[in-house]
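S.K.: quick one, fold the following:
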Amino acid sequence: MKDRAGKAVPWPQLFAYALPGLPLALLISPFPALLMAFYAQYTEATTAGIATVVLFARIFNGVIDPPIGFLSDNTRSWLGPRKPWLIGGAAFSIVAFWLAYMPPADAGNLYFAVAIVSFYIAHSVIDTPYRTWSGEITADYAQRSRLAGAATVSLLVGGVVFLAVPEVLAAAGVLQSAELNREAMAILGWTGIVLMPVCVGLAVLTAPRGEVVKGEEYRLGEMITVFSRNAPFRRFIGADFVSQIGWAISYALLAIILADHFGFGDKVVLFLLAATAAQILSVPLCTLLARWAGKHIVYGCCQILNGVLMPAYLLFPPGGEANLVLLIAFGALVSALGTPNMMFPQALLNDIADYDTLKTGQARAGTYFSMRTLLAPAGGAVGGAVGFYMLSIVGYDPGAAGNSASAVHGMLFTAFALPAVAFIVSGVLMLGYPITARRHAAIRTRLARRASAPAIVGGEPSVGFQTTR
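M.R.: Numbering: from 1, shown residues only. Sure, this is the predicted structure:
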């Protein structure tokens, strides 16, 4: 096997790889939440029915992710293991966009169930192979960060652009209002129908299939061993899970904090746009820092710094007296510090999969991505639930004209202290992550030697850190 470490991914290939991220943004948050609100307002689906359907759809989504990772790992074609899944996912997404974004007026709970399940299937079939593919395009530690950064920027840009579409079209007189009504949602649906096949097609044609690491076959039931056999993965997934809890609490209470505490309820969208812009702008800096210090160091330090800064929100006066520009700027800084949490898991998981291949002889990159896809939303669900349960425990009512001082203090503790603790714990875990650039280079060297050798007898020795537990 000819190792590709050290070779820069050409800009045209980097751009082509990032393209599917644009339409993929329509299949991730906040669009599922926007679809729920849209169906509740413009169709015959009931709020209780929508909530029940989404709960079971998310469970179904988690169940199908590991098999998709397993199947993509074991796909054999002249296009490689990932591109056929992207092509199939892009074709199926046409159906998903049509069903989800353009329902008939009499659509009920059953229609919503079919639409949202199709929505999540399209996302899973595309997302796991797409992110796994980056580890086959390049084996280089730093270049994987570039690919992850490019995909992150593409997703963020897509999200911002699509959220702004109704506003822009309303300002231009194309739409009567910026409300996400039937007309606006249909435009977003058609955008996905057109962009997904085009962007995936350009990526498949332009970006290389990559060099696939061949390994021993493994059974679907063996997927659970990614936890027992891989200490770096356990550390990473623990840090990631805790981080998702912290971010979910923050986002769940964001609108409440801005409206009830700071008195800027009409500035939520502006706050989110500034936060997203800060993340986009910070991607190149994060990529540069990762090359110098290591992905896990940048990830961990930013998480800890975020945890330290979160309580500083309390320095801003409540009731509309805070300086809005400074408040938004501080929120943008906090959001920018979360950028490594968005972009580096993709690169880290590919490195972890290389380590697994060295240890087990199996090529299971898709499995690792699917397990993360399963667990990260679970952390988000836990965080969102914790946030609202805590409000209930402290007696805070977002809809009330006033709350007691103890309830307000409890709400502020939930919004700022709990995420701070989660971020610091996550950061400390990541600082102890063992696969550095030097150790990853050693892993790749040994994999290259193994591939060129006629046979390997016995296990692989350690590359400088614990290889089992």
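S.K.: these two touch, right, residue 140 and residue 147?
M.R.: No - taking contacts as CB atoms under 8 Å, residue 140 lies outside contact range of residue 147: 9.7 Å. Every residue, glycine included, has its C-beta placed from N, CA and C.
S.K.: of the two, which one has the most company?
M.R.: Between residue 140 and residue 147, residue 147 has the larger neighbour count (other CB atoms under 10 Å), namely 27 against 21.
S.K.: that one: which element?
M.R.: Counting by DSSP states H and E, the element that carries residue 147 is helix 141-171.
S.K.: and that helix, what's buried?
M.R.: Buried residues in helix 141-171, counting neighbours by 16 or more other CB atoms under 10 Å, are found at 141-160, 162-163, 165-166, 169.
S.K.: list the helices and strands that helix packs on?
M.R.: Here helix 141-171 touches helix 11-18, helix 21-24, helix 109-137, helix 182-206, helix 268-293, helix 339-360, helix 437-452, going by 3 or more CB pairs under 8 Å, 6 or more residues apart in numbering; DSSP states H and E.
S.K.: quick one, which of those helices gets closest to residue 37.
M.R.: Residue 37 lies closest, by CB to CB, to one member of the helices and strands packed on helix 141-171: helix 182-206, at 10.5 Å.
S.K.: what's the helix or strand that comes right after that closest one packed up against?
M.R.: Going down the chain from helix 182-206, the next helix or strand is helix 225-228, by DSSP H and E. If you count contacts as 3+ CB pairs under 8 Å, 6+ apart, helix 225-228 packs onto helix 231-256, helix 365-394.
S.K.: how many neighbouring residues does the residue nearest to residue 147 when sequence neighbours are not counted have?
M.R.: Take residue 147 and drop its neighbours on the chain: the residue closest to it by CB to CB, 6 or more residues apart in numbering is residue 134, 4.1 Å away. Residues near residue 134, counting by other CB under 10 Å, number 28.
S.K.: ok, residue 436 - contacts?
M.R.: For residue 436, the contact set (CB atoms under 8 Å, 6 or more residues apart in numbering) comprises 294, 296.
S.K.: ok, now how distant is it from residue 297?
M.R.: As for residue 436, its distance to residue 297 is 9 Å (criterion: CB to CB, to the nearest Å).
S.K.: so in this structure, where's the weakest helix or strand by average pLDDT?
M.R.: Least confident helix or strand of the chain, by mean pLDDT, DSSP states H and E, is helix 225-228 with a mean of 82.
S.K.: wait, the residue nearest to residue 147 sits on residue 346?
M.R.: Yes - assessed by CB under 8 Å, residue 134 is found in contact with residue 346 at 6.2 Å.
S.K.: intersection of neighbour lists for these two?
M.R.: Shared contacts of residue 134 and residue 346 (CB under 8 Å, 6+ apart): 144, 147-148, 151.
S.K.: what's the closest of those residues to residue 285?
M.R.: Distances from residue 285 to those, taken by CB to CB, are shortest for residue 148, at 14.0 Å.
S.K.: which residues does the closest one contact?
M.R.: Shown in contact with residue 148 (CB under 8 Å, 6+ apart): 134, 343-347.
S.K.: make a markdown table out of the residues you listed and add distance to residue 179 and pLDDT.
M.R.: A markdown table is the format used below for the contacts of residue 148 (distance: CB to CB, whole Å; pLDDT from 0 to 100):
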| residue | distance to residue 179 | pLDDT |
| --- | --- | --- |
| 134 | 38 | 93 |
| 343 | 33 | 92 |
| 344 | 37 | 95 |
| 345 | 35 | 94 |
| 346 | 35 | 92 |
| 347 | 39 | 94 |
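S.K.: check the gap between residue 414 and residue 65 for me.
M.R.: 30 Å.
S.K.: and if you look at residue 56?
M.R.: For residue 56, the distance to residue 65 - CB to CB - is 15 Å.
S.K.: more neighbours, those two?
M.R.: A direct count of neighbours by other CB under 10 Å for residue 56 and residue 65 places residue 65 higher, at 26 against 12.
S.K.: surely the more buried one and residue 374 touch.
M.R.: Yes - counting by CB under 8 Å, residue 65 does reach residue 374; the two are 5.0 Å apart.
S.K.: from the chain's centre, how far out does stretch 417-434 sit?
M.R.: Relative to the chain's own centre, stretch 417-434 is displaced by 18 Å; criterion: CA atoms, centre = their mean, to the nearest Å.
S.K.: let me see the mean pLDDT of it.
M.R.: The average of the pLDDT scores along stretch 417-434 is 97.
S.K.: for that stretch, which residues meet the burial criterion?
M.R.: 418-420, 422-427, 429-431, 433.
S.K.: just the CA coordinates for it, please, in CSV.
M.R.: Output of stretch 417-434 as CSV, limited to C-alpha atoms (Å, rounded to 0.1, in the frame of the first residue of the first chain):
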residue,chain,number,x,y,z
ALA,A,417,-23.1,26.5,35.0
LEU,A,418,-24.2,23.1,33.8
PRO,A,419,-22.9,23.6,30.2
ALA,A,420,-19.6,25.0,31.7
VAL,A,421,-19.1,21.8,33.8
ALA,A,422,-19.8,19.7,30.7
PHE,A,423,-17.4,21.6,28.5
ILE,A,424,-14.6,21.4,31.1
VAL,A,425,-15.1,17.7,31.6
SER,A,426,-15.1,17.1,27.9
GLY,A,427,-11.9,19.2,27.4
VAL,A,428,-10.0,17.4,30.2
LEU,A,429,-11.0,14.0,28.6
MET,A,430,-9.7,15.2,25.2
LEU,A,431,-6.4,16.5,26.5
GLY,A,432,-5.6,12.9,27.5
TYR,A,433,-6.5,11.5,24.0
PRO,A,434,-3.4,9.4,22.9
